[in-house]
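Q: Starting from these lines, generate the structure:
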Amino acid sequence: MAISQISRGTLALLLAAVLAAAPAALADGDEVVALTESTFEKEVGQDRGALVEFYAPWCGHCKKLAPEYERLGASFKKAKSVLIAKVDCDEHKSVCSKYGVSGYPTIQWFPKGSLEPKKYEGQRTAEALAEFVNTEGGTNVKLATIPSSVVVLTPETFDSVVLDETKDVLVEFYAPWCGHCKSLAPTYEKVASAFKLDEGVVIANLDADKHRDLAEKYGVTGFPTLKFFPKGNKAGEDYDGGRDLGDFVKFINEKSGTSRDTKGQLTSEAGRIASLDALAKEFLGAASDKQKEILSSMEEEVAKLSGSAAKHGKVYVTIAKKVIEKGNDYTKKETERLQRMLEKSISPSKADEFIIKKNVLSTFSS
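A: The predicted structure is shown next:
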């Protein structure tokens, strides 16, 4: 069928399908492209050189390499002639077997237009990897500096940060030479990144080998030791949960009342307040004169709230006023508008604002 014969609706669907299938996406917000059995040869051996890390999620050396490789990926992200990628060999065994991978991590360079790899034998640092890629790929990319979201504590800053009654603080007591600490580092950085927009949450660490007196004060005898200092207990409590990203995120959400996923995105519960949800449902089915009475009840309820809850409560009031002014169709149109905005390139703080409003709007919908 000729393009001229395709209806606008069909063309839109085709375009959406193409976009959905377009090149290997970044995994979990990472700076490195995650390849699969189905995407490997669509990305590698094509019109750009590719550095590929073959790894296993449980591999300690892979975990240690992760922050270096992430930094490399961030640095070469805009280099059109080079791809920085990785393959999970637990999940995609056939790809790893095909390219002779027998240990982890294995790093291979695939020249432009070739599926014949050259094994990387250099140091596993971002600097050494960047030099290798620049040489093999004919590029001149400089390493990016990736700011850390983890708050580094010292004896001078410990009390002002950790004992702040307005903050929930998770502290890792670590030693620079500790292997388990090095393995935890990339995950801990992602935890900090996930909650960096939540003013009431702090993810911090302390070099307990350097500052032994402070570590001993809090009963630290091994590394890493994780302690949680919530707003209501500045004596601190041991963190005994799992050490995967999801475990940490779930713990912080439960303890701090936050609503983040592992990518740092707000969940569908963010901004929701049970008492106002009930009023919103009542508001939806009410006659116009009754809606004004319910709006007054909402305003009274919001006046009782404090902190972020008070801020979110005002969103309920604003939406109720807009519905009275513009009719019940307002919630559907505004939800669609916010979704379009979220699909654009916007700042994380603006995305938070839109997601919260979308979540609250959903309580006004039938």
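Q: After the strand or helix carrying Trp109, which helix or strand is next?
A: Trp109 is part of strand 106-110 when elements are defined by DSSP states H and E. With elements assigned by DSSP H and E, the helix or strand that comes after strand 106-110 is strand 118-119.
Q: packing partners for that following strand?
A: strand 106-110 (3 or more CB pairs under 8 Å, 6 or more residues apart in numbering; DSSP states H and E). Every C-beta, even on glycine, is put in place using the N, C-alpha and C of the backbone.
Q: Neighbouring strands of the strand it packs on in the sheet, and parallel or not?
A: Partners of strand 106-110 in the sheet, by DSSP bridges, are strand 49-55 (antiparallel), strand 118-119 (antiparallel).
Q: Just want the angle from the following helix or strand past the first one to strand 106-110.
A: The C-terminal neighbour of strand 49-55 among helices and strands, as given by DSSP H and E, is helix 60-75. Inter-element angle recorded for helix 60-75 and strand 106-110: 30 degrees (by axes from the mean of the first three to the mean of the last three CA atoms, to 10 degrees).
Q: Can I get the next helix or strand after helix 60-75 in CSV, CA atoms only?
A: Next helix or strand after helix 60-75 toward the C-terminus (DSSP H and E): strand 82-88. In CSV, the C-alpha atoms belonging to strand 82-88 read as follows (Å, rounded to 0.1, in the frame of the first residue of the first chain):
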residue,chain,number,x,y,z
VAL,A,82,30.6,4.6,19.6
LEU,A,83,28.2,2.5,21.6
ILE,A,84,28.8,1.6,25.2
ALA,A,85,26.7,-1.5,26.0
LYS,A,86,26.3,-4.5,28.3
VAL,A,87,24.8,-8.0,28.3
ASP,A,88,23.4,-9.8,31.3
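Q: And the contacts of the strand holding Trp109?
A: 44-45, 49-55, 96, 99, 116-120, 124, 129, 132-133, 136 (CB atoms under 8 Å, 6 or more residues apart in numbering).
Q: pLDDT of it, averaged?
A: When pLDDT is averaged along strand 106-110, the result is 98.
Q: Which elements pack onto the longest helix along the chain?
A: Ranked by residue count under DSSP state H, the longest helix found in the chain is helix 307-326. Using 3+ CB pairs under 8 Å, 6+ apart, the elements in contact with helix 307-326 are helix 274-284, helix 288-303, helix 329-342, helix 348-363.
Q: now the angle from the strand holding Trp109 to strand 82-88?
A: 140 degrees.
Q: Now do the end-to-end distance for stretch 81-97.
A: 26 Å (CA to CA, to the nearest Å).
Q: what's next to it, contact-wise?
A: 24, 31-37, 40, 43-44, 48-58, 69, 72-73, 76-77, 101, 104, 106, 112, 133, 137-139, 141.
Q: again with stretch 181-197
A: By CB under 8 Å, 6+ apart, the list of residues contacting stretch 181-197 reads 60, 63-64, 66-67, 70, 148-151, 170, 172, 174-175, 201, 203, 205, 223-224, 243-245, 248-249, 252, 258, 260-264, 348-349, 352.
Q: Show me how to select, in PyMOL, the buried members of those.
A: Buried subset of the contacts of stretch 181-197, written as a PyMOL selection, criterion 16 or more other CB atoms under 10 Å:
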select buried, resi 63+64+66+67+70+149+150+151+170+172+174+175+201+203+205+223+224+245+248+249+252+258+260+261+262+264+352
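Q: Quick one, which of the contacts of strand 106-110 are buried?
A: Looks like these have 44-45, 49-55, 96, 99, 117, 120, 124, 129, 132-133, 136 buried, using 16+ other CB under 10 Å.
Q: Present the helices and strands packed on helix 307-326 as TSV; the columns should include mean pLDDT and distance to Ser193.
A: Formatted as TSV, the helices and strands packed on helix 307-326 follow (pLDDT from 0 to 100; distance: least, CB to CB, whole Å):
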stretch	mean pLDDT	distance to Ser193
helix 274-284	94	29
helix 288-303	94	31
helix 329-342	94	19
helix 348-363	95	10
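Q: Pipe the ones you listed into TSV and attach distance to Lys321 per row.
A: Supplementary listing: the helices and strands packed on helix 307-326 in TSV, determined by distance: least, CB to CB, whole Å:
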stretch	distance to Lys321
helix 274-284	11
helix 288-303	7
helix 329-342	10
helix 348-363	13
